[in-house]
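1. No sequence on hand, only this structure:
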């Protein structure tokens, strides 16, 4: 029994499972304070602590159990090791479009038929065809693992690397790219790619799943089929997020990368377009455009790659009683930009005005968004808004706070000149600003 | 022409309007770079700068115009000073319930027929009856001005004072209380009162308006009538927010104070109940309960006032690339609590784990909520969540991040004992935690 098979276990936790001769994949029963849990012992991530073991229960959920002196572990069944042998890759139909799937991690990118719950990145084309055989009829797929990250660990550095990898695919002349991504920060990455990849020749479809593929309600396969279909043949050439439109399985929508937000922790239709219509929908295998305002496939001859992001930009959500010294602290730390998530039409307390003024005097760019999420900031209605504008705060229209953060990181990656940066921040680069509509 | 009449103007701005003999309330024309704006010169707040004047245009919007050497001001009409004489207060019907309206500021609390746009708090019962005569048929109203604040300037200190003022009304035996409040932070105040006022004998209805009362589309009167009706006679005894249910004027809903959020910058139906049903609806003057899970009017004999809030609590919204040193900084500043607004089910980057651990070791209480807004955190699904819990991060179920912030401020106002505080934070005090539902 090698150390490796206990992947992630160490210290007390490792000792306790060794003692009873249990191995990852075995069925075990853990009893503690008269409560018993049965399930499969699953591997831990390398970041696990030394006192918990993790068991995958019959209902598909994993629980962590702390090993204390009153904990008893029994090994009640031998694990059948996952034997995952991908079938030979189907012959590729040379008539079909070429789609590259780049995997960054997340639930959708894990090997889809695993039973232990341990996340193992596995995304060869063969793996995918074996799990979602429909894909072979849609496109010739080339799959690559770029990162293996839970998406909360993605950083601006990785956005740039991902954009560069997509540009390489464009140079190879593929017909579309799919990015498999954890859902947690998928909206941020979608915005980042929207700014970093200009004049795209094809669609870049970011796809995730809200339910792991080993649960009956998983949305992984449907989302993936939708994403590959759009990458292969959709008429738009933009960065979009492909996820369920409703809780039912029959409709996938494509949200514009700069206008999309995860608006539910667990629902399959968690992603919503905010202050904009989704770009397109696939239902019954038919793709329908939902807007006429989009960039067309093939309209650009040459992709422009601008993958630099400056991470010295902070998002500050305002709240009653907020200490404005946090803004001074950011300035002291040499931050170059601050996105405020103000209240209502774009307000913060008057008590914070002084700190904002000091930041702007030091050439920090300060942009205003609204924590309302929906709607548009309007800093002309009240004195407070006018005064903040007079100090140099830039009202960011109907841009989502998260997209505004990403945009300012990108803007400050493009230029060190404050005036140029301000102009670029106000420019509608990737349809992140919707046209003004009449007041409701 | 006294200094006072120029309320708010100083420096260059004051000089420029003095030069042409214009006074607040006068019709003026301002020409700049060949563009002319006509409107009424309106007062500025005391926080205005020295270079802008503010003009109320015919369409009801105010614009700020910077006085530069190329700006010409003409006085083209004499202002008729607002002569607001409230009619004698109607005889009060002794059969009607007694409702107290406490005004804290905001659009709804300003004198409703003003024409200059300068916000003047004016909320005598006579003012109200003259503007919304329907009120006289609903309740005997006593109106008081408590604060005159734009709500982005409310602080935890004022939440406590407001709660105390409501408790005084309870002692007087009134039948309900209405709070007129700016909409920007109405959700935060609603949560604060929900925790500070326990065993309420009557409804406390917080009401605002999204459109100022001088615009044809104003929602002020309808919201106020709904709020007073509920305060006078609704069967529930909870803190709720009364606002438009849709963009049409015929339906007012009452959102539970702990579950409500401003979800649009400008729409009249901006407020939404999140992860919960609204408590009640008034349509065609009929009040309908929308849930059976509510506290009944008169069920409590004695209100318990707990108005202390500790403002050493911060809300930190996580984003990719966030510098965890901001958490260290908060600990250095002697913060006692931190609410994290994590991604998805309640995650932050692994890079931040160390800072969180250090905070908890120093007895800072750290709670986790989700920036998804909708849904419930679940820190048992992924290793990252389990590890954060093992470090002592408290998952806050389906509590809104804003409500969680207010609750932790309140909890740390009630006790200095960390263990007691953690227990109280996990306790469902004011229906801020919805019962778990089956997974969708």
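-> Sure, I can see it. Bear in mind that the values here come from a model prediction, so they are computed numbers and not experimental data.
2. Going by C-alpha atoms from here, please, whenever you check contacts or count neighbours.
-> Noted.
3. Tell me where chain A has helices.
-> A:11-19, A:125-131, A:156-171, A:186-196, A:220-233, A:325-332, A:353-361, A:383-391, A:401-414, A:418-426 (DSSP state H).
4. got a list of contacts for the first one?
-> Helix A:11-19 has contacts (C-alpha atoms under 8 Å, 6 or more residues apart in numbering or on different chains) with A:6, A:23, A:50, A:51, A:52, A:53, A:67, A:73.
5. Apply 7 Å and report the result again.
-> A:50, A:51, A:52, A:53, A:67 (C-alpha atoms under 7 Å, 6 or more residues apart in numbering or on different chains).
6. Include distance to residue B:412 and mean pLDDT when you put the helices of chain A into TSV, please.
-> Below are the helices of chain A laid out as TSV (distance: least, C-alpha to C-alpha, whole Å; pLDDT from 0 to 100):
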stretch	distance to residue B:412	mean pLDDT
helix A:11-19	35	85
helix A:125-131	52	76
helix A:156-171	36	97
helix A:186-196	34	98
helix A:220-233	43	94
helix A:325-332	21	98
helix A:353-361	27	97
helix A:383-391	31	90
helix A:401-414	30	98
helix A:418-426	40	98
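7. Can you say which of those helices is packed in most?
-> helix A:186-196 (a mean of 28; mean count of other C-alpha atoms under 10 Å in any protein chain shown).
8. Would you pull up how far that helix lies from the middle of the chain?
-> 9 Å (C-alpha atoms, centre = their mean, to the nearest Å).
9. roughly how far apart are the residue lying closest to residue A:72 once chain neighbours are set aside and chain B?
-> In space, residue A:72 comes closest to residue A:31 once its chain neighbours are excluded; the distance is 5.1 Å by C-alpha to C-alpha, 6 or more residues apart in numbering or on different chains. Distance of residue A:31 to chain B, computed by C-alpha to the nearest C-alpha, to the nearest Å: 18 Å.
10. Pull the contacting residues for residue A:31.
-> A:37, A:71, A:72, A:73 are the contacts of residue A:31 under C-alpha under 7 Å, 6+ apart.
11. on that earlier part again, could the helices of chain A be laid out in TSV, adding distance to residue B:212?
-> Listed next are these as TSV, based on distance: least, C-alpha to C-alpha, whole Å:
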stretch	distance to residue B:212
helix A:11-19	63
helix A:125-131	57
helix A:156-171	42
helix A:186-196	35
helix A:220-233	45
helix A:325-332	32
helix A:353-361	25
helix A:383-391	14
helix A:401-414	26
helix A:418-426	29
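12. which of the contacts of helix A:11-19 count as buried?
-> The neighbour count (16 or more other C-alpha atoms under 10 Å in any protein chain shown) marks A:50, A:51, A:52, A:53, A:67 as buried among the contacts of helix A:11-19.
13. Let's test this: name the helix or strand in chain A with the lowest mean pLDDT.
-> Within chain A, no helix or strand scores below helix A:125-131, which has a mean of 76 by mean pLDDT, DSSP states H and E.
14. helices or strands next to that helix in the packing?
-> Secondary-structure packing of helix A:125-131 (3 or more C-alpha pairs under 7 Å, 6 or more residues apart in numbering or on different chains; DSSP states H and E): strand A:140-145.
15. Need the residues that contact the strand it packs on.
-> Strand A:140-145 is contacted from outside by A:92-93, A:96-104, A:123-125, using C-alpha under 7 Å, 6+ apart.
16. same check, this time on stretch A:172-187
-> A:97-109, A:150-152, A:202-210, A:227-228, A:231-232, A:257, A:260-262, B:343-344.
17. again, but for stretch A:265-284
-> A:210, A:219, A:226, A:243-247, A:250-256, A:259-264, A:287-291, A:374-375, A:398, A:434, B:344-345, B:372, B:374-377, B:440.
18. Just the buried ones from those?
-> A:210, A:219, A:226, A:243-245, A:251-256, A:259-264, A:287, A:289, A:374-375, A:398, B:344-345, B:372, B:374-377.
19. What residues does the stretch 51-200 of chain A have near chain B?
-> A:61, A:62, A:63, A:64, A:152, A:153, A:154, A:155, A:156, A:184, A:185 (C-alpha under 7 Å from any C-alpha of the partner chain).
20. Can you turn the buried part of these into a PyMOL selection?
-> Buried subset of those, written as a PyMOL selection, criterion 16+ other C-alpha under 10 Å:
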select buried, chain A and resi 62+63+64+152+153+154+155+156+184+185
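21. just checking, which of the residues of the stretch 51-200 of chain A next to chain B belong to strands?
-> Mapping those onto strands (DSSP state E) picks out A:62, A:63, A:64.
22. doesn't residue B:380 make contact with the second one?
-> This points to residue A:63. Yes - using C-alpha atoms under 7 Å, residue A:63 is in contact with residue B:380, at 6.0 Å.
23. Serialize the ones in strands among the residues of the stretch 51-200 of chain A next to chain B to a markdown table and add fields for pLDDT and distance to residue B:312.
-> Below are those laid out as a markdown table (pLDDT from 0 to 100; distance: C-alpha to C-alpha, whole Å):
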| residue | pLDDT | distance to residue B:312 |
| --- | --- | --- |
| A:62 | 73 | 36 |
| A:63 | 78 | 34 |
| A:64 | 80 | 32 |
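24. Output the residues you listed in CSV; the columns should cover distance to residue B:238.
-> Formatted as CSV, those follow (distance: C-alpha to C-alpha, whole Å):
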residue, distance to residue B:238
A:62, 38
A:63, 37
A:64, 38
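25. Contacts only, for the nearest residue to residue A:191 once chain neighbours are set aside.
-> Spatial nearest neighbour of residue A:191, excluding adjacent residues (C-alpha to C-alpha, 6+ apart): residue A:258 at 4.5 Å. Applying C-alpha under 7 Å, 6+ apart to residue A:258 gives the contacts A:190, A:191, A:194, A:403, A:430, A:432.
26. any idea which of the residues you listed is closest to chain B?
-> residue A:403 (10.8 Å; C-alpha to the nearest C-alpha).
27. hang on, isn't that closest one packed against residue A:190?
-> No - contact between residue A:403 and residue A:190 fails when scored by C-alpha under 7 Å: they sit 8.9 Å apart.
28. domain parsing for chain A?
-> Domains of chain A are assigned by automatic domain parsing as A:3-77, A:98-305, A:313-426.
29. now those domains as CSV including distance to residue B:135?
-> CSV is the format used below for the domains of chain A (distance: least, C-alpha to C-alpha, whole Å):
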stretch, distance to residue B:135
domain A:3-77, 55
domain A:98-305, 37
domain A:313-426, 28
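30. now for those domains, which one comes closest to residue B:387?
-> domain A:3-77 (6.5 Å; C-alpha to C-alpha).
31. count of residues packed around residue A:292?
-> 10 (other C-alpha atoms under 10 Å in any protein chain shown).
32. Considering the contacts of helix A:11-19, which member attains the minimum pLDDT?
-> The member of the contacts of helix A:11-19 with the lowest pLDDT is residue A:50, at 79.
33. what's the spacing between that one and residue A:278?
-> Noted for residue A:50: a distance of 45 Å to residue A:278, by C-alpha to C-alpha, to the nearest Å.
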